[in-house]
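Enquirer: The following block contains a protein sequence and its predicted model.
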Amino acid sequence: MQNTLRSAVVFEGRGLHSGAPVRMVVRPASADYGIWFKRTDLPVRDAMIAAQWDNVVPSRLCTLVRNGAGAEVSTIEHLMAALAGCAIHNAMIEIDGPEVPILDGSAVPFVQGFLARGLIEQQAPIRAIRVLKRVEVTEGEAMARLDPADMLEIDFRIQFDDVAIGAQSKHLNLANGAFVRELSDSRTFCRQSDVDAMRANGLALGGTLENAVVFEGDRVLSPGGLRHADEPVRHKMLDAMGDLYLAGGPILGRYTGVRAGHAMTNRLLRALFADPTAWQMVECSGLTVGKLPGMGVHRRDLPATA
């Protein structure tokens, strides 16, 4: 059965890039509603934006969705990952500005809020996107690929010159509460030189050492260090989880990312849906439902850092 929140959850913070204060309310929604954003600071006729892959527009540093009237919401990837990882299929997200609050730079504050409220089952089947054959996109040394699999798996590899990051790889089966336990608390990361360059261009104005892991050479500048030795690759997997949820439902397939980012994952979804022989919308049976991300997740699955 599909799930929605038992009651609304309020999140307040600042946008990572604008630094502006944001108030966001995630509300329950009816079965088959899907995930929608509503800009409460805009006229009603322009306010609604579907969280769908074909509403994503190019953005260098985050995932941004925009409707036909030009209304947009950016930095949605951590929120979308939390919705996917908590098996929330229907929600209305009211937000009074163009950017989701960054909070601590991970998805765990959203997960905490959702699990504290609790979910309710809805009398409608879950429909998932089953990958039928390999689909792949590349750009230089970067690659993103989807292969057939019985459940969502993510395999990610990164490579950075910075000694504190270096080469990292991780593979996870995302069934049940794996996202909450293994990925949800992993924060966005960057190098100090990237921070300096972004601020010089009017970006990352809301970024601090408290909502991102900042590296410089062989040092971790953020207080308290890393939450996981491989926190950067875990965060890239978190991002991929959120970006894949823009498919419009859970994906049954294996995602492989090599140095991939938001734009490449969206290109991959576009390539998937452009080939009608590469995917199939399926109604999930009881056995398949039990393998979906977030099904049966509990507050005890929250990581120790939460």
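Expert: Nice, I can see it. The structure displayed is predicted, hence computed values, not measured ones.

Enquirer: got a list of contacts for stretch 288-295?
Expert: 1, 84-88, 126, 128, 150-152, 174-180, 241, 250, 252, 282, 284, 296 (Cβ atoms under 8 Å, 6 or more residues apart in numbering). From N, CA and C alone the C-beta is placed, and that goes for glycine too.

Enquirer: rerun that using 7 Å as the cut-off
Expert: For stretch 288-295, the external contacting residues (Cβ atoms under 7 Å, 6 or more residues apart in numbering) are 84-87, 126, 150-152, 174-177, 179, 250, 284.

Enquirer: got it, and stretch 112-122?
Expert: So stretch 112-122 is contacted by 1-7, 9, 11, 31, 82, 86, 88, 90, 299, 302, 306 (Cβ under 7 Å, 6+ apart).

Enquirer: can you tell me which of the contacts of stretch 288-295 are in helices?
Expert: 84-85 (DSSP state H).

Enquirer: closest to Ile49 among the contacts of stretch 288-295?
Expert: Ala84 (17.8 Å; Cβ to Cβ).

Enquirer: check contacts around the nearest residue to the closest one once chain neighbours are set aside.
Expert: In space, not counting the residues next to it along the chain, Ala84 is nearest to Tyr245; the distance is 4.0 Å by Cβ to Cβ, 6 or more residues apart in numbering. Residues near Tyr245 by Cβ under 7 Å, 6+ apart: 80-81, 83-84.

Enquirer: And Tyr245, what's its pLDDT?
Expert: Note on Tyr245: pLDDT of 98.

Enquirer: Just give me the neighbour total for Val44.
Expert: Residues lying near Val44 (other Cβ atoms under 10 Å) number 9.

Enquirer: Check Leu83 too.
Expert: When counting by other Cβ under 10 Å, one arrives at 29 neighbours for Leu83.

Enquirer: ok, back up a step: can you list the contacts of Tyr245 in JSON lines and add pLDDT and distance to Lys133?
Expert: Shown next, in JSON lines, are these (pLDDT from 0 to 100; distance: Cβ to Cβ, whole Å):
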{"residue": "Met80", "pLDDT": "98", "distance to Lys133": "25"}
{"residue": "Ala81", "pLDDT": "98", "distance to Lys133": "26"}
{"residue": "Leu83", "pLDDT": "98", "distance to Lys133": "27"}
{"residue": "Ala84", "pLDDT": "98", "distance to Lys133": "23"}
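
Enquirer: Spatially, which two of these are the most separated?
Expert: Ala81 and Leu83 (7.3 Å).
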